[in-house]
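Asks: Take this sequence and fold it.
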Amino acid sequence: MDSKAFCIILVVLFSVLFASGCIDELVAVQEDGPVNVSVYEIVYNGKEANATTFNETTFFLTKDGFATGVYALDNASSIEIIPMEDLTNPGEDPISEIVIIAEDSGNVTDVEETLRQLSLREEATDLNFTIEEVVERGQKSQVIDFNKSITGFVAFKVNVPLGQDFIYMPTHDSVVRIVLPAGYTTGNPFIGKVQPEVNFTYHDENDRQVLGWIDLHREPSSLLPADLFNRSGVDSDESPVEYHPVILKFYTTSAPLGLLVGTTILSIATLIVALNYASTRRKLEEKRMEIENMDARKKD
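Replies: As a prediction, the model looks like this:
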């Protein structure tokens, strides 16, 4: 093989490799492999009295560094999920084990009843979808696109790298519920407050605390670019949609008592040390005065 032919082959190979890299960046890869629906709690609680949407977002938190998310959606062709970034495992998929149970939105006449019926299904829907990572203004998100507009459920597993600190960044209108593990609570101002303030809270049939928000909209900030929080898909010259992030720390129900006991013991120990210091200092001061008086008498 002469040098000219060899150079041509190299150019072709590099072109193929470069094109392959570009395709991987631009085209999302369809997730495959069946996932058992029973690993998720597919439930629909019903439209809240003051809610303006049938959408419902529920996160079931665990003690094991992950959570399961269940999105109830009405007439959606895609969803965007902003997971917490795990800096210790940069190559790990932030969301996985995606399950979809849905109907074509064009065939749905009663959204709430359809969602209730779908929540009883034991098999996932055979639906084509793609998932890709999108980076905008330094913020990474996972976008799941469906091959048609759906009404139903999208469930997935998401990493929680901060352990018992959980953050949810809303990207669409939805009633939001967060279910804590059994035996856990949140909201103590000394351990970890919940932001923003919850609209409702209760304990479910498994004695788990549930926190709920009906509307997480917030007024657009004049200090930030108009489209920084625009997750609605509207043009930038229109009013952007901004959402309050949900931030909470969850801990065992005995943690506040443990903190109180620990603080009390520490306070008592500090008081003992302070009293002992004051007593020792007073004795040394009396000893010093005694010595000074003795020296004065000797001089006389």
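Asks: where do the helices sit along the stretch 1-150 of the chain?
Replies: Assigned by DSSP state H, counting those that start in this stretch, the stretch 1-150 of the chain shows helices spanning 3-26, 111-118.
Asks: so residue 162 makes contact with residue 86?
Replies: No - between residue 162 and residue 86 no contact is recorded; they are 9.0 Å apart, counting by CB atoms under 8 Å. For the C-beta atoms, the positions are set from N, CA and C on the backbone; glycine is no exception.
Asks: Residue 164: what's its closest spatial neighbour, skipping adjacent residues?
Replies: Setting aside the residues directly before and after it, residue 164 is nearest to residue 250 in space (CB to CB, 6 or more residues apart in numbering), at 5.3 Å.
Asks: Could you double-check that the one you found sits in contact with residue 183?
Replies: No - the criterion here is CB under 8 Å, and residue 250 misses it with residue 183 at 10.2 Å.
Asks: tell me the angle the lengthiest strand in the chain makes with helix 111-118.
Replies: For the chain, the strand reaching the highest residue count under DSSP state E is reported as strand 139-159. Compare the direction of strand 139-159 with that of helix 111-118 by axes from the mean of the first three to the mean of the last three CA atoms, to 10 degrees and you get 40 degrees.
Asks: hmm, who's touching whichever helix or strand comes after strand 139-159?
Replies: Proceeding C-terminally, strand 139-159 gives way to strand 165-168 as the next helix or strand, assigned by DSSP states H and E. Taking CB atoms under 8 Å, 6 or more residues apart in numbering as the criterion, the residues outside strand 165-168 that touch it are 57, 59, 61, 67, 84, 160, 176, 178, 192, 245-250.
Asks: quick one: buried residues of strand 165-168?
Replies: Along strand 165-168, these residues count as buried under the neighbour rule (16 or more other CB atoms under 10 Å): 166, 168.
Asks: Pairing partners for that strand, with directions?
Replies: Strand 165-168 has these partner strands in its sheet, going by DSSP bridges: strand 246-249 (antiparallel).
Asks: Can you report how many residues neighbour the residue nearest to residue 164?
Replies: Applying the criterion other CB atoms under 10 Å, we find 23 residues in the vicinity of residue 250.
Asks: repeat for residue 289
Replies: A total of 10 residues lie near residue 289 under the criterion other CB under 10 Å.
Asks: go on, residue 274?
Replies: Counted with other CB under 10 Å, the burial measure for residue 274 works out to 10 neighbours.
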